[in-house]
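K.L.:
Kindly return the folded structure for what I paste below:
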Amino acid sequence: MAVDSKNRIGGWLLVPLAWLIMTLLTSALVMALYLSALFDPAMRQQLFSQDSAVLLNWGLSLLTSTLVWFYTGWVTWIFCKRSRRLPRHYIIWLLITVVLAIKTFAFAPVADGRAVQTLLIALLAAGILVPYFKRSKRVKNTFTTDC
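P.N.:
Modelled structure (predicted):
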């Protein structure tokens, strides 16, 4: 019987994994909301009757949500495979969430309280998890093979 030399995903590593899964679900819902405008004839007519700037913003938002969904899915996959590449990509993923939260805070037509809350959560997560992924022995022992 083969012995798995890697540590299992457990303990505090379940928190970053849960964060990934929640982001995966959230970005899927956002994509569904953007795509619903294409499937409802009235919404589609209203969307395409807008000026090109509104249509461009809608398309860029859909593209951003799609890219976030794919990258989050891939990072979740390599997380579960316990790949050696995970710590670097998880840190990149965290920094992307901070950049998107800043974009939301600065440009999105949402309530300032909600944008500040999103930004603070992203900054707090990055502030805690980046040092953890860089220095933790548990992370180094868990993500040891290249998948």
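K.L.:
Now find how far off-centre the lengthiest helix in the chain is within its chain.
P.N.:
If you go by DSSP state H, the chain has its longest helix at helix 52-80. Centroid separation between helix 52-80 and its chain, computed with C-alpha atoms, centre = their mean, to the nearest Å, is 9 Å.
K.L.:
which helices and strands sit right next to that helix?
P.N.:
If contacts are counted by 3 or more C-beta pairs under 8 Å, 6 or more residues apart in numbering; DSSP states H and E, helix 52-80 sits against helix 14-39, helix 41-48, helix 86-107. Where you see a C-beta, it was placed from the backbone N, CA and C, and this is true even at glycine.
K.L.:
weakest of these by average pLDDT?
P.N.:
Sorting these by mean pLDDT places helix 41-48 lowest, at a mean of 86.
K.L.:
Now tell me what touches that helix from outside.
P.N.:
With C-beta atoms under 8 Å, 6 or more residues apart in numbering as the test, helix 41-48 has contacts from 36-38, 54-55, 58.
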